[in-house]
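>>> what follows is a protein structure lacking sequence information:
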Ligand SMILES: [Zn+2]
């Protein structure tokens, strides 16, 4: 589990990479989906995402960030999403190395 501050940091880091500037980032309980974005650039993420592994978070974050550039799920959207995901998953890339301190308690990732 990460904090919502850390989550927002991740969103901003990825936003820079994608080249978009989300106006607002909100984290709250959402019933039916992981996240949403408004045409005005406001992103909302479900707070259960804080419990998800980084891969899942990055995927959802990138998906929403790309919607700030492409409102649909067209071919451009999908190929960019795949590209950014790959880049963020590749440990040989400049991305941060996973040496975070282990959480206390039961060792969930
Ligand atoms: Zn979408």
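All right, it came through fine. Predicted, not measured: the structure shown is a model, and the values here were computed from it.

>>> every contact and neighbour count from this point should use C-alpha atoms.
Fine.

>>> what ranges in the protein fall below the confidence cut-off?
90-109 (pLDDT under 70).

>>> for it, just list every one of the helices.
Counting by DSSP state H, residue ranges of the helices within the chain are 4-18, 54-67, 75-89.

>>> out of the ones you listed, deepest packed?
The highest mean neighbour count among the helices of the chain, using mean count of other C-alpha atoms under 10 Å, belongs to helix 54-67: a mean of 20.

>>> by contact count, what packs against that helix?
Taking 3 or more C-alpha pairs under 8 Å, 6 or more residues apart in numbering; DSSP states H and E as the contact definition, the neighbouring helices and strands of helix 54-67 are helix 4-18, strand 35-37, helix 75-89.

>>> please repeat the previous calculation with a cut-off of 6 Å.
Counting contacts by 3 or more C-alpha pairs under 6 Å, 6 or more residues apart in numbering; DSSP states H and E, helix 54-67 packs against no other helix or strand.

>>> any idea of the angle it forms with helix 75-89?
140 degrees (axes from the mean of the first three to the mean of the last three C-alpha atoms, to 10 degrees).

>>> and helix 54-67, how far out from the chain's middle?
When distances are taken as C-alpha atoms, centre = their mean, to the nearest Å, helix 54-67 is centred 4 Å away from the chain's centroid.

>>> so how far is residue 86 from residue 41?
24 Å (C-alpha to C-alpha, to the nearest Å).

>>> actually, residue 76.
According to C-alpha to C-alpha, residue 76 stands 15 Å off from residue 86.

>>> likewise for residue 66?
When residue 66 is compared with residue 86 (using C-alpha to C-alpha), they lie 15 Å apart.

>>> try residue 80
Taken as C-alpha to C-alpha, the spacing of residue 80 relative to residue 86 amounts to 10 Å.

>>> what's the closest of the helices of the chain to residue 25?
Counting by C-alpha to C-alpha, residue 25 lies closest to helix 4-18 out of the helices of the chain; the figure is 6.9 Å.
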